[in-house]
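this one's sequence-less:
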């Protein structure tokens with residue numbers, strides 16, 4: 001490959017919470033406490049959703065070039081910023097007719113989600129989400145006074161996570177819901193929704209006059225054989241009732257630079273979202289994040305993402321096959337996008353007389369730093385990040401095999 005996805009980066013001392021295991025344990029971010037990594041085991045970071053790959057070089061080049069100028073005063077987003085997004089969306093997602101006025105900066109997707117919900121809802125309103133549910137949604141909605149109504153995803157006969165449309169409609173019809181938060185591709189389940197699924201969901205939202213907040217931050221990380229379809233593209237009504245959110249941060253590992261954006265075609269929604277985000281003056285773009293996006297969305301970035309998705313596909317396929325072959329009692333669906341696995345350990349824990357806490361602790365003790373799935377509404381689940389060199393994925397599986405699941 002042209003780009004490096006095999007070198008094990010040394011991120012120590014480089015502001016990476018993924019490697020700050022002590023702080024993560026003390027803060028309860030991993031679900032267990034008072035666990036120490038045994039002597040002789042290195043850390044394999046498989047929890048927080050960032051990647052252990054160097055980003056595309058054009059990002060660093062853009063940042064260095066801008067940093068060479070000694071002034072960092074007030075600025076406005078350049079036309080190159082908007083053009084880069086329009087070109088990216090057209091090339092990657094087939095979006096046509098997108099204009100600069102429909103694009104707006106967001107400090108983060110979750111901030112944009114809250115701004116949109118504040119337009120669509122009143123405090124105390126109920127909001128529909130699917131479960132398992134991204135932990136960031138749970139925290140953001142709770143902190144802002146919204147009541148989550150969860151519609152559980154179900155695995156079909158092939159193990160694929162599906163929306164339960166009957167359950168969705170029952171809750172939309174009876175719970176007085178006016179807004180939904182939709183995750184596409186889905187985190188933590190890794191579903192890449194098919195067009196018919198999106199059409200059916202959006203038809204329900206139209207029927208019950210529900211506005212939609214669509215988190216599409218994972219839309220570039222699609223595995224072989226699948227394709228992301230923007231929620232807004234499935235109908236004219238979907239286009240006008242949806243606020244969609246994207247970012248280069250997940251795709252290019254730029255979360256520390258902060259910088260997401262929304263696409264909102266409905267001027268009524270867009271104007272009120274801009275008003276909401278302006279109230280606290282939090283939503284101001286950093287000049288370096290603007291140049292990072294421009295650097296990421298250069299031609300080299302397209303090639304880099306294609307290679308990244310192949311690496312992630314190989315990692316996911318290897319880990320899925322290893323787990324389903326070697327870890328009897330652990331159930332999971334093969335992801336179609338993202339780089340996350342969501343392990344259902346219910347049967348394994350029952351068969352071995354172990355709690356989820358004990359299972360998680362056993363992995364952490366041998367350096368496999370994985371994440372408690374209960375805050376994602378997975379009752380006996382673990383979320384596992386596979387965005388790291390293949391050699392580390394293999395090492396993690398072998399440690400889990402020898403010291404945890406088959407010890």
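The structure has been received and is ready for your questions. What you see is a predicted model, and the numbers here were worked out from it, not measured in a lab.

what does stretch 81-97 contact?
98-100, 103, 219-220, 228-230, 233, 246, 261, 263, 290, 293-294, 297-298, 302, 305 (C-beta atoms under 8 Å, 6 or more residues apart in numbering). Where you see a C-beta, it was placed from the backbone N, CA and C, and this is true even at glycine.

what's the average pLDDT for that stretch?
Summarised as a single mean, pLDDT over stretch 81-97 is 98.

just stretch 26-34 next, same as before
Averaged across stretch 26-34, the pLDDT comes to 87.

correct me, but residue 309 touches residue 221?
Yes. At 6.4 Å, residue 309 counts as touching residue 221 under the criterion of C-beta atoms under 8 Å.

neighbour-wise, which of the two wins?
Higher neighbour count among residue 309 and residue 221: residue 221, with 24 against 19, using other C-beta atoms under 10 Å.

and that one, what pLDDT?
98.

got the contact list for it?
Taking C-beta under 8 Å, 6+ apart, one finds 185, 250-251, 305, 308-309, 312, 337-339 in contact with residue 221.

of those residues, which is the nearest to residue 209?
Lowest distance from residue 209 to the contacts of residue 221 (C-beta to C-beta) belongs to residue 185, with 26.1 Å.

any of the contacts of stretch 81-97 buried? List them.
When the contacts of stretch 81-97 are checked for burial by 16 or more other C-beta atoms under 10 Å, the buried set is 98, 103, 219-220, 228-230, 233, 246, 261, 263, 290, 293-294, 297-298, 302, 305.

do a quick rundown of the strands in the stretch 201-350 of the chain.
211-215, 242-246, 260-263, 340-344 (DSSP state E, counting those that start in this stretch).

please work out which of those strands is packed deepest.
Sort the strands of the stretch 201-350 of the chain by mean neighbour count, taking mean count of other C-beta atoms under 10 Å, and strand 242-246 sits at the top with a mean of 28.

is it true that residue 78 touches residue 287?
No. Applying C-beta under 8 Å, one finds residue 78 not in contact with residue 287, separated by 9.9 Å.

so between those two, which is more surrounded?
residue 287 (16 against 13).

out of the buried ones among the contacts of stretch 81-97, list just those in helices.
Judged by DSSP state H, the buried ones among the contacts of stretch 81-97 include 290, 293-294, 302, 305 as members of helices.

buried by neighbour count: which residues of stretch 302-315 qualify?
Of the residues in stretch 302-315, those buried (16+ other C-beta under 10 Å) are 302, 304-305, 308-309, 311-315.

which one among the contacts of residue 221 gets closest to residue 50?
Out of the contacts of residue 221, the member with the shortest distance to residue 50 (by C-beta to C-beta) is residue 250, at 8.2 Å.

report the contact partners of that closest one.
Contacts of residue 250 (C-beta under 8 Å, 6+ apart): 49, 217-218, 220-221.

including distance to residue 116, could those go into a markdown table?
Shown next, in a markdown table, are the contacts of residue 250 (distance: C-beta to C-beta, whole Å):
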| residue | distance to residue 116 |
| --- | --- |
| 49 | 21 |
| 217 | 14 |
| 218 | 18 |
| 220 | 21 |
| 221 | 23 |
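
what is the nearest of those to residue 35?
residue 49 (21.1 Å).

so where is the stretch 201-350 of the chain shaky, pLDDT-wise?
Within the stretch 201-350 of the chain, no stretch has pLDDT under 70.

which pair in the contacts of residue 250 spans the largest distance?
So, the contacts of residue 250 by C-beta to C-beta: farthest apart are 49 and 220, at 13.6 Å.

wasn't residue 129 part of a strand?
Yes. Under DSSP: H, G, I helix; E, B strand; the rest coil, residue 129 falls within a strand.

now it: how far from residue 84?
31 Å (C-beta to C-beta, to the nearest Å).

which residues touch the residue lying closest to residue 283 once chain neighbours are set aside?
Closest residue in space to residue 283, ignoring its immediate chain neighbours: residue 277 at 4.0 Å, by C-beta to C-beta, 6 or more residues apart in numbering. With contact taken as C-beta under 8 Å, 6+ apart, residue 277 is in contact with 106, 111-112, 115, 283.

next: residue 254.
55, 59, 247-248, 289, 292, 296.

all helices of the stretch 301-407 of the chain, in order?
Remark: helices assigned in the stretch 301-407 of the chain by DSSP state H, counting those that start in this stretch are 346-352, 356-365, 390-399.
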